[in-house]
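*Asks:* have a look; sequence and predicted model below, questions after that.
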Amino acid sequence: MKYVLLFVDTEQFAKDLEAMEPAERARAYERVQEWMADNAATIRGGSKLQPPHTATTVRLDGDREPMITDGPFVEGKEVVSGYVEIDVADLDEALRMAKTWPGCPVVEIRPLES
Amino acid sequence: MEESHVELARVVREHSGRLAAALVHLIGDFTTAEDLVQDAVVAALQRWPVEGIPERPDAWLFTVSRRRGLDVLRRESNYRAKLAQLQWPVQPDPDERLRLIFTCCHPALPRAAQVALTLRVVGGLTTGQIARAFLVPETTVARRITRAKRKITDAGIPYRIPADDELGSRLSEVLTVLYLLFNEAYLSTAEQTQSRDLADDAEWLGTLLHQLMPTEPEVAGLLALIRLHRARAAARFDSDGGLVQLQRQDRSRWDRDAIADATHLLARAAGQHRPGPYQLQAAIVACHAEAERWEDTDWEQIVLLYDMLLHLAPSPVTRLHRAIALRYTAGPRAAMAELDTLADRLDRYHLYHATRADLLRELGHPDEARAADSRALELTANPAEQAVLQQRISWA
């Protein structure tokens, strides 16, 4: 079954990352690379996203002209910062992967429509 | 409840979970299998009171499910292969029922849905019975169950026993569901329990889980806890349905044999030297249950057990209970000092204020005690507890 793991950053997490010593930050990125390597067999694709200030949202509202606004579709303290698509047997396997994710503090698991 | 209703509930409960387990295995689809069983259970509850409980209730339920199942399966491509398997008798592997329990209590489902689903799928309760037991509208329960089943299918929640490295945390999820269920039953008033004895369902589920996982000491611990409470249930309410506090209970109405059995179960679990919160809670209750009179209570031991419990599972509510026990080993002043440290965390908990009222009264501050009782009264919705507090305010 296919799922997308949506990685969600919090403001606190971004601050913590910024406050890290360069060597410490390098180790944090390394841990993420290791996780990717460990799970390479089930990962079908994905990417880190550029920060929310780069986002543009288009709202399609019926007959009206599409409305274009600056920023992500929800303004909030939590923003989607990346995703991977995985192919695993069931939710438990997806959960097992998400639980060992060494990056940002929130992961949403969403099954894909077959 | 009438005897025939008790028997009916028992028979349905005994067979419906087994049938659900077998059908999930045969059909390979949790939602479909569960619907079929629920249809059969509803039919049984309509017809058995009139026609009598059939000689082979399991065969009867199977036949009804099968008839409905054929309609469902006809729409499927592998209809014939599955049809061939839908033969009587069905004998699910004991593990099938365990799978059922773990799926119903999957952590990806909301707690209220875990409880409702477990009762319906494993325990054979109807949506209406669950709604009445929890005093919520039937549509709410139906919606919870429908959503949960849809999530099981759509999100790929597996139908299996968790792997060894996950078993501990998943089992504690199952035990939490059972514990909540029992608490709900235990806190309900005498009046409510006439419609359905949820405590009976909780004990039955605990017994089943213990049969399926005999070497898990926390399962035995929770079962012992449930049985120790139930063994003393008769003395908890007076003839008017009012709650009787432990200190004033007529201990001759306690079931001494059941207490001895539960204590024995607990001792065997403790012999595995894998202590846990349920074993410790059961051990505390056992200290109360084994005391012939209130004066015989081994408070030193109880305080010690609370210390162990706090070490494993720190919680302000447990500290409150420890403070209550401390009153009998170190006096009301020491207990009050302990309580004062909990003021911030438990200000919204009725038992905190009720305990303060007790201690204040003992320390010679009746006015403050009455104020604390009033505060407790504001904070509890339980009619039986409200009645006790109301009495104290008007008498003290």
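*Replies:* All right, it came through fine.

*Asks:* right, and residue B:318 touches residue B:310 too?
*Replies:* Yes. Residue B:318 lies in contact with residue B:310 (C-beta atoms under 8 Å); the separation is 5.5 Å. C-beta: built from backbone N, CA, C; applies to glycine.

*Asks:* against chain A, how distant is residue B:284?
*Replies:* 33 Å (C-beta to the nearest C-beta, to the nearest Å).

*Asks:* picking that back up, compare residue B:318 and residue B:310 and say which one has the larger neighbour count.
*Replies:* residue B:318 (19 against 15; other C-beta atoms under 10 Å in any protein chain shown).

*Asks:* how far away is that one from chain A?
*Replies:* Taken as C-beta to the nearest C-beta, the span from residue B:318 to chain A is 28 Å.

*Asks:* same thing with residue B:225?
*Replies:* Distance from residue B:225 to chain A, by C-beta to the nearest C-beta: 29 Å.

*Asks:* now residue B:309
*Replies:* Relative to chain A, residue B:309 is positioned 27 Å away (C-beta to the nearest C-beta).

*Asks:* so what's that residue closest to, chain neighbours aside?
*Replies:* Excluding its sequence neighbours, the residue lying closest to residue B:309 (C-beta to C-beta, 6 or more residues apart in numbering or on different chains) is residue B:280, at 4.3 Å.

*Asks:* now do the helices in chain A.
*Replies:* Ranges of helices in chain A, per DSSP state H, are A:11-19, A:22-38, A:91-99.

*Asks:* now those in a markdown table, with mean neighbour count?
*Replies:* Shown next, in a markdown table, are the helices of chain A (neighbours: other C-beta atoms under 10 Å in any protein chain shown):
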| stretch | mean neighbour count |
| --- | --- |
| helix A:11-19 | 12 |
| helix A:22-38 | 12 |
| helix A:91-99 | 19 |
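
*Asks:* okay, those helices in a markdown table with distance to chain B and mean pLDDT next?
*Replies:* Listed next are the helices of chain A as a markdown table, based on distance: least, C-beta to the nearest C-beta, whole Å; pLDDT from 0 to 100:
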| stretch | distance to chain B | mean pLDDT |
| --- | --- | --- |
| helix A:11-19 | 23 | 89 |
| helix A:22-38 | 15 | 95 |
| helix A:91-99 | 5 | 96 |
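
*Asks:* excluding chain neighbours, what is closest to the residue in chain A that chain B sits nearest to?
*Replies:* Nearest residue of chain A to chain B, counting by C-beta to the nearest C-beta: residue A:90, 3.9 Å away. Among residues not flanking residue A:90 along the chain, residue B:158 sits closest, at 3.9 Å (C-beta to C-beta, 6+ apart).

*Asks:* which SS class is that neighbour?
*Replies:* Following DSSP: H, G, I helix; E, B strand; the rest coil, the label given to residue B:158 is coil.

*Asks:* got a pLDDT number for it?
*Replies:* As summarised for this prediction, residue B:158 has a pLDDT of 92.

*Asks:* how many residues are close by it?
*Replies:* Using other C-beta under 10 Å, residue B:158 has 18 neighbouring residues.

*Asks:* now swap in residue B:209 and tell me
*Replies:* Residue B:209, neighbours per other C-beta under 10 Å, totals 23.

*Asks:* including distance to residue A:74, could the helices of chain A go into JSON lines?
*Replies:* Putting the helices of chain A into JSON lines (distance: least, C-beta to C-beta, whole Å) gives the following:
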{"stretch": "helix A:11-19", "distance to residue A:74": "14"}
{"stretch": "helix A:22-38", "distance to residue A:74": "24"}
{"stretch": "helix A:91-99", "distance to residue A:74": "21"}
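
*Asks:* residue B:286 is nearest to which of those?
*Replies:* helix A:91-99 (36.4 Å; C-beta to C-beta).

*Asks:* run through the neighbouring helices and strands of that closest one.
*Replies:* In terms of contact count using 3 or more C-beta pairs under 8 Å, 6 or more residues apart in numbering or on different chains; DSSP states H and E, helix A:91-99 is assigned the packing partners strand A:2-10, strand A:106-111.

*Asks:* pick out the residue of the stretch 1-150 of chain B closest to chain A.
*Replies:* Counting by C-beta to the nearest C-beta, the stretch 1-150 of chain B gets nearest to chain A through residue B:108 (6.0 Å).

*Asks:* return the residues in contact with that residue.
*Replies:* A:91, A:95, B:151, B:155, B:157 (C-beta atoms under 8 Å, 6 or more residues apart in numbering or on different chains).

*Asks:* check it and give its pLDDT.
*Replies:* So residue B:108 comes in at 96 (pLDDT).

*Asks:* what's the spacing between residue B:322 and chain A?
*Replies:* 33 Å.

*Asks:* which stretches of the stretch 101-250 of chain B aren't confidently modelled?
*Replies:* For the stretch 101-250 of chain B, residues meeting the criterion pLDDT under 70 lie at B:187-196.

*Asks:* could you give the residue of it that lies closest to chain A?
*Replies:* Closest point on the stretch 101-250 of chain B to chain A, by C-beta to the nearest C-beta, is residue B:158, at 3.9 Å.

*Asks:* what about residue A:44, neighbour count?
*Replies:* Counted with other C-beta under 10 Å, residue A:44 comes out at 12.

*Asks:* that one against residue A:112, yeah?
*Replies:* No. Counting by C-beta under 8 Å, residue A:44 does not reach residue A:112; the two are 9.9 Å apart.

*Asks:* wait, which of the helices and strands packed on helix A:91-99 is closest to residue A:99?
*Replies:* Using C-beta to C-beta, the nearest of the helices and strands packed on helix A:91-99 to residue A:99 is strand A:106-111, at 8.5 Å.

*Asks:* buried ones in the closest one?
*Replies:* A:106-107, A:109, A:111 (16 or more other C-beta atoms under 10 Å in any protein chain shown).

*Asks:* what comes up buried for the helix or strand harbouring residue B:32?
*Replies:* Remark: residue B:32 resides in helix B:30-51, with elements defined by DSSP states H and E. For helix B:30-51, burial by neighbour count (16+ other C-beta under 10 Å) applies to B:30-41, B:43-45, B:48.

*Asks:* equivalent analysis for stretch B:149-159, please.
*Replies:* B:149, B:151-152, B:155-159.

*Asks:* look up the closest residue to residue B:36, ignoring the ones flanking it.
*Replies:* residue B:65 (4.3 Å).

*Asks:* redo the contacts of residue B:108 as CSV? Include distance to residue B:334.
*Replies:* Output for these, formatted as CSV (distance: C-beta to C-beta, whole Å):
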residue, distance to residue B:334
A:91, 50
A:95, 46
B:151, 50
B:155, 51
B:157, 49
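
*Asks:* tell me which two in those are the farthest apart.
*Replies:* A:95 and B:151 (13.4 Å).

*Asks:* these two touch, right, the residue nearest to residue B:36 and residue B:37?
*Replies:* Yes. Residue B:65 is within contact range of residue B:37, at 6.0 Å (criterion: C-beta under 8 Å).
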